[in-house]
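Colleague: Okay, here's the prediction I keep looking at, along with the sequence it came from:
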Amino acid sequence: MNTPRYIDSHCHIHDERIPDGPDGAVAAAVEITRAAGALTLEWFCNDDLEIDHKGDGSPVTAADLAAESLMRERLVNLCPDDAVMGEEHQDTSGTSGRTWVIDPIDGTKAFTKGVPLYSNLLALVDEHGPAIGVINLPALGETVWAGRGRGAFFNGEPCRVSNQPSLEGAYAMTSGFGYWPPDALQAVLSSPVIFRTWGDAYGYALVATGRAEAMIDPLANPWDVAPMAVIIPEAGGRYTTFDGDDGPDAWKTGSGVGTNGAIHDALLDVWH
């Protein structure tokens, strides 16, 4: 895929603390996502947390709604010409050709159970695909982010995928088994990889920081994986759909696979 190795778009940021331009957009994305994470911690492990359910049966809480509202408000103030897509609120249009994609809490079920592996996700998508991605794990104090052409970072330090060369001994993550095609699941279980369910965005964070070799989402919403399509490549890995598509729209086609790159083709071959 001939994706430009730069961010050719930026916000006209109206905040003296954040410089304008591509690097400023990355800094703004990180700051906004961390602010949303800090807000969710006010509800985390709170016995008074009320859980509602959406039409598809998935849970939603006041923390999800408040975090997305905060992110939207900050984005509108900083980048008023950009569109915004989010999991919990109605999409808004823009005139810049750029779209911010929000998942206020990725792993809401974990969040409601007091499991600290939930995250806040934010991505900026332009005409070439995802250009900025942020995974914030507030209960762990970890943030992984990347800007296209600007590398990937873990709590401010550059991060890279592992150099594991083969499936033998490689750690592969997934969020659960219920949404896997049965034949594909059995193929992975029978393969040499070490299969674990350290999933949702946490699995991709593990891959980007070299602590695991693969994260597999046979089924995913666009806001679940938009940041991964830039974070994983900028960390030296590879991101595609479950079927191997690595085009600029791969993030919105309903699945995702992020690996250290070295094992990617061999892993796809396991279930194809």
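Modeller: Thanks, I have it. Keep in mind that this is a model prediction, so the values were computed, not measured. Numbering: from 1, shown residues only.
Colleague: and residue 39, how many neighbours does it have?
Modeller: Neighbourhood size, residue 39 [other Cβ atoms under 10 Å]: 18. All C-beta atoms are positioned from the backbone trio N, CA, C, and that covers glycine.
Colleague: what secondary structure does it sit in?
Modeller: Following DSSP: H, G, I helix; E, B strand; the rest coil, we place residue 39 in the helix state.
Colleague: my guess is it contacts residue 69, does it?
Modeller: No: using Cβ atoms under 8 Å, residue 39 is not in contact with residue 69, being 9.3 Å away.
Colleague: Ramachandran angles for residue 250?
Modeller: The phi/psi pair for residue 250 (degrees, to the nearest 10) reads phi -60, psi -30.
Colleague: For it, give me its contacts.
Modeller: By Cβ atoms under 8 Å, 6 or more residues apart in numbering, the contact set of residue 250 is 129, 229, 239, 240, 241, 256.
Colleague: Could you list every helix and strand that the helix or strand of the chain with the lowest mean pLDDT packs against?
Modeller: Within the chain, confidence by mean pLDDT, DSSP states H and E is lowest for strand 51-53 among all helices and strands, at a mean of 81. The helices and strands touching strand 51-53, judged by 3 or more Cβ pairs under 8 Å, 6 or more residues apart in numbering; DSSP states H and E, are strand 59-61.
Colleague: what distance separates the strand it packs on from the middle of the whole chain?
Modeller: 19 Å (Cα atoms, centre = their mean, to the nearest Å).
Colleague: Identify each buried residue in it, please.
Modeller: Across strand 59-61, burial judged by 16 or more other Cβ atoms under 10 Å covers 60, 61.
Colleague: before we move on, what about stretch 159-176?
Modeller: For stretch 159-176, burial by neighbour count (16+ other Cβ under 10 Å) applies to 159, 160, 161, 162, 164, 167, 170, 171, 172, 173, 174, 175.
Colleague: Parallel or antiparallel, list what pairs with the least confident helix or strand of the chain.
Modeller: Partners of strand 51-53 in the sheet, by DSSP bridges, are strand 59-61 (antiparallel).
Colleague: State the next helix or strand along the chain beyond the strand it pairs with.
Modeller: Per DSSP states H and E, strand 59-61 leads on to helix 62-78 as the next helix or strand towards the C-terminus.
Colleague: I'd like the average pLDDT over that following helix.
Modeller: Across helix 62-78, the average pLDDT comes to 93.
Colleague: What of stretch 233-249?
Modeller: According to the model, stretch 233-249 has a mean pLDDT of 97.
Colleague: where does that stretch sit relative to the chain's centre, distance-wise?
Modeller: 13 Å.
Colleague: Would you mind putting the CA coordinates of it into CSV?
Modeller: The C-alpha atoms that make up stretch 233-249 are tabulated as CSV, following Å, rounded to 0.1, in the frame of the first residue of the first chain:
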residue,chain,number,x,y,z
PRO,A,233,2.7,0.3,11.3
GLU,A,234,4.4,3.2,12.9
ALA,A,235,5.7,0.8,15.6
GLY,A,236,7.2,-1.3,12.8
GLY,A,237,4.4,-3.9,12.5
ARG,A,238,1.7,-4.6,10.1
TYR,A,239,-2.1,-4.0,10.2
THR,A,240,-4.7,-5.6,7.9
THR,A,241,-8.2,-6.9,8.0
PHE,A,242,-8.9,-10.5,8.9
ASP,A,243,-8.8,-11.2,5.2
GLY,A,244,-5.5,-9.4,4.6
ASP,A,245,-6.6,-6.1,3.2
ASP,A,246,-4.3,-3.3,4.1
GLY,A,247,-5.9,-0.5,2.1
PRO,A,248,-6.7,3.0,3.5
ASP,A,249,-10.2,1.9,4.4
